[in-house]
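> Have a look at this prediction, sequence included:
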Amino acid sequence: MRLSELLQCAGIVSVIQTKLAADEQTSYAVAGNVAEEALTNVRTVNAFSGVEKEIKRYEDGLVVARSAAKKRGAISAFGASLMWCIIWLSYALAFWYGTKLILEGRDDLCKGKEPEYDAQKLLIVRDSAVLCLFFPVKYYNINIRFTRFSSAF
């Protein structure tokens, strides 16, 4: 998977999370309005025995918030698991290919030549690849969230 696909996945996860967070906040606002209305008119609510009805209206307002929070948690878990899966698969591929190159270089050592690859070069390349590929994806996702949040104001 190339960097562009990683960025696209991170962007898609971020957009979905932003939409679900907005739905959740809207639902909390509706439930908050119900609670505020009931508390403002507490005498009227009690006079007409409407406490149970107001509780039901408040709980109905939270149904969408609960659903959106569950979906947002699942999307967050999927995004994080995808990221870590890609990181560990990249490590596995790097170690497998690096080991293959090192073992192929043993033939050169037997012939008296200096091998082109050794364990030190393998670790340097792996660490460089991780720093160059992983961290931009991490910060790209954070920047998308911040940009979407700040553009709302």
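Done, it's in.

> Residue 97 and residue 73, how far apart?
Residue 97 is 36 Å from residue 73, where distance means Cβ to Cβ, to the nearest Å. For glycine as for every other residue, the C-beta is placed from the backbone atoms N, C-alpha and C.

> so residue 20 makes contact with residue 74?
No: using Cβ atoms under 8 Å, residue 20 is not in contact with residue 74; the gap is 9.6 Å.

> higher neighbour count, those two?
Neighbours per residue, other Cβ atoms under 10 Å: of residue 20 and residue 74, the larger number sits with residue 20, 20 against 12.

> who touches the more buried one in this structure?
Neighbour list for residue 20: 68, 69, 71, 72, 75 [criterion: Cβ atoms under 8 Å, 6 or more residues apart in numbering].

> Go through the residues you listed and give me the one with the most neighbours.
Most neighbours among those, by other Cβ under 10 Å: residue 68, with 20 neighbours.

> Next, find the distance separating it from residue 106.
Taking Cβ to Cβ, one finds residue 68 at 57 Å from residue 106.

> Tell me which other helices or strands the helix or strand that contains residue 70 touches.
In the assignment (DSSP states H and E), residue 70 maps to helix 51-110. Identification of packing neighbours for helix 51-110 by 3 or more Cβ pairs under 8 Å, 6 or more residues apart in numbering; DSSP states H and E yields helix 3-40, helix 119-151.

> Out of those helices, which gets the lowest mean score?
In terms of mean pLDDT, the lowest-scoring of those is helix 119-151 (a mean of 63).

> For the residue nearest to residue 30 when sequence neighbours are not counted, give me its contacts.
With sequence-adjacent residues excluded and distances taken as Cβ to Cβ, 6 or more residues apart in numbering, residue 30 is closest to residue 61, at 4.4 Å. Residue 61 makes contact with 27, 30, 31, 33, 34, according to Cβ under 8 Å, 6+ apart.

> Contacts only, for the nearest residue to residue 108 once chain neighbours are set aside.
Residue nearest to residue 108 in three dimensions, not counting chain neighbours: residue 115, with 4.9 Å by Cβ to Cβ, 6+ apart. Counting by Cβ under 8 Å, 6+ apart, residue 115 touches 102, 105, 106, 108, 109.

> For the closest residue to residue 51 other than its chain neighbours, identify the helix or strand it belongs to.
Closest residue to residue 51 apart from its sequence neighbours, by Cβ to Cβ, 6+ apart: residue 45 at 6.1 Å. Per DSSP H and E, residue 45 falls inside helix 42-47.

> Please consider this matter closed, and thank you.
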